[in-house]
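Trainee: Structure for the following, please:
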Amino acid sequence: MHPDTDQASNRYRFAIQSPADGVLQPLSQHPRAAIRQLAGFGFCLQATSHYLLSPCAGTASVHFLPHPCIRVRHNSGLQLRVDLPLAWLERLGLGLRWQLNDYAVAAGQLLLEVDPGYLSSKPVISVAVFPHPAVRPEPQHFGQTVLAKEPCFFIQMTGNNP
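Mentor: Sure thing, here's the model as predicted:
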């Protein structure tokens, strides 16, 4: 997160990092229709690495309904939902090594490792941002290759607790 220069209005710029290596695409190009219809801002990523990192700092929790996902809530109130590929769950958890020992996570912290063989299905991970008031998204260029921990989505926010 990088503070903005406009201190009078108490704005700051919040960076969402790539949770894995891969090719960045608009959320509207996700293969699952339910993800394409999400109301929030975000992106999807065709993953090329077998690990998943936290896209920001916050409190993380794992959910399996309606979709398998990890939710991260930043202390500003911003919420992120990282939807996992369904193919990663087809073998009832075999090949998945969860690294979420406690619920507080740092940006770029390892959340999940999967067997490299899962990459053959060309998995798509989505990151949807469910904002609180005064959010302006600034996505990077879609179609580019990004590396894990690389900022790929910026949000202009206002508030007292960045």
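Trainee: which residues does the most centrally placed residue in the chain form a beta bridge with?
Mentor: In the chain, the centroid-proximal residue (C-alpha atoms, centre = their mean) is residue 127; its distance is 3.6 Å. As for beta bridges, residue 127 partners with residue 43, residue 82 under DSSP bridges.
Trainee: next helix or strand past the helix-or-strand element of the chain with minimal mean pLDDT?
Mentor: Every helix and strand in the chain was compared by mean pLDDT, DSSP states H and E; the lowest is strand 2-3, with a mean of 42. With elements assigned by DSSP states H and E, the helix or strand that comes after strand 2-3 is strand 11-17.
Trainee: which helices and strands does that following strand pack with?
Mentor: With contacts defined as 3 or more C-beta pairs under 8 Å, 6 or more residues apart in numbering; DSSP states H and E, strand 11-17 has these neighbours: strand 2-3, strand 151-158. Where you see a C-beta, it was placed from the backbone N, CA and C, and this is true even at glycine.
Trainee: Which of the ones you listed comes out lowest on mean pLDDT?
Mentor: Out of these, the stretch the model trusts least by mean pLDDT is strand 2-3, with a mean of 42.
Trainee: what about this protein, any weak spots by pLDDT?
Mentor: Applying pLDDT under 70 to the chain flags the ranges 1-12, 38-40, 66, 91-93, 101-102, 131-141, 157-162.
Trainee: quick one, helices of it?
Mentor: 33-36 (DSSP state H).
Trainee: Return stretch 63-81 as CSV; C-alpha atoms alone will do.
Mentor: As requested, C-alpha coordinates have been extracted for stretch 63-81 and formatted as CSV (Å, rounded to 0.1, in the frame of the first residue of the first chain):
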residue,chain,number,x,y,z
HIS,A,63,-14.9,-21.2,2.5
PHE,A,64,-16.3,-23.9,0.3
LEU,A,65,-19.8,-22.6,-0.4
PRO,A,66,-20.9,-21.6,-2.9
HIS,A,67,-17.4,-21.8,-4.4
PRO,A,68,-14.1,-22.9,-2.9
CYS,A,69,-12.4,-19.7,-2.0
ILE,A,70,-10.2,-17.8,0.4
ARG,A,71,-11.5,-14.6,1.8
VAL,A,72,-9.1,-11.9,3.0
ARG,A,73,-10.4,-8.9,4.9
HIS,A,74,-8.0,-5.9,5.1
ASN,A,75,-8.1,-3.7,8.2
SER,A,76,-9.6,-0.9,6.1
GLY,A,77,-12.8,-2.9,5.6
LEU,A,78,-11.9,-3.9,2.0
GLN,A,79,-12.7,-7.6,1.3
LEU,A,80,-11.1,-9.8,-1.3
ARG,A,81,-12.3,-13.2,-2.5
